[in-house]
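1. Predicted coordinates and the sequence they were generated for:
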Amino acid sequence: MRSAFAALLFILSTVGLAGQSAGALSDGDARYRLQPNDVIDILYRFTPEFNQTATVEPDGFASLQLIGGVKLGGLTLDQAHAAIFERASARLRTPQVSVLLKDYDKPHFVVSGEVRAPGRFDLRGRTTAVEAIAMAGGIVSASAKHSQVILIRRISADDGETRILNLKRMMQAPQSAEDVTLRPGDMLIVPQNKVSKIERFVKWGNFGLYANPIR
């Protein structure tokens, strides 16, 4: 467990899209994005023989009978519709296709590192970073760097963004404006040692498995 945690911190400190220190976290797109094991219905209005229910595989692809494998993981429903429509247009003339979300992963967040009960938690209503750490049993040791809690948020299908949170200061000032409200898929990491450098932008594929553990 600790070796995996150390590997994650190494990834965050060495692999990025741009050599920038962590700063303000962008809002990104709050709409739901398809994840592995999500189930969708694809419905063709004039060619119902191609209708099907498909599951997003662990690699983000869905196998569709008319057009083959399509990368849908990380896309919104609108983006998934556009991708399927583009591929289907090569086989059908002006297809009218609908993409419906049938079954999906419950909104959740992940807390890792120096907390008493690290893991994945359902996101039920508004939850702040301080509340999330409390749900994970709180900081496990006095030496943990709760002034440098790392928040990782997915901002696109391929990219994530990080921010350093001073949880210690937030806990001393209840209702602080600094206390970030979590979004589905957010990951909080409480490091054991001081973090000297962190990349602001990272490739999601480098650590997505940590942020989205097996159900």
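-> Right, received. Where do you want to start?
2. Dead centre of this structure: give me the residue that sits there.
-> residue 185 (3.6 Å; Cα atoms, centre = their mean).
3. And it, how far from residue 192?
-> Residue 185 sits 24 Å away from residue 192, going by Cβ to Cβ, to the nearest Å. Quick note: C-beta positions are derived from backbone N, CA and C, even for glycine.
4. circling back: so the residue nearest to the centre of the chain sits against residue 156, correct?
-> No: using Cβ atoms under 8 Å, residue 185 makes no contact with residue 156, being 12.0 Å away.
5. what's the closest non-adjacent residue to the residue nearest to the centre of the chain?
-> Counting by Cβ to Cβ, 6 or more residues apart in numbering, residue 185 lies nearest to residue 154, which is 5.2 Å off, once chain neighbours are set aside.
6. Report how many residues lie close to the one you found.
-> Number of residues near residue 154 (other Cβ atoms under 10 Å) recorded here: 23.
7. Please apply the same query to residue 100.
-> 12.
8. element containing it?
-> Applying DSSP states H and E as the criterion places residue 100 in strand 97-103.
9. again with residue 86
-> helix 77-88.
10. by contact count, what packs against that helix?
-> Counting contacts by 3 or more Cβ pairs under 8 Å, 6 or more residues apart in numbering; DSSP states H and E, helix 77-88 packs against strand 39-44, strand 68-71, strand 97-103.
11. same thing but 7 Å
-> strand 68-71, strand 97-103 (3 or more Cβ pairs under 7 Å, 6 or more residues apart in numbering; DSSP states H and E).
12. re the thing from before, wait, doesn't the residue nearest to residue 185 sit right on residue 186?
-> No: between residue 154 and residue 186 there is no contact, the gap being 8.2 Å when judged by Cβ atoms under 7 Å.
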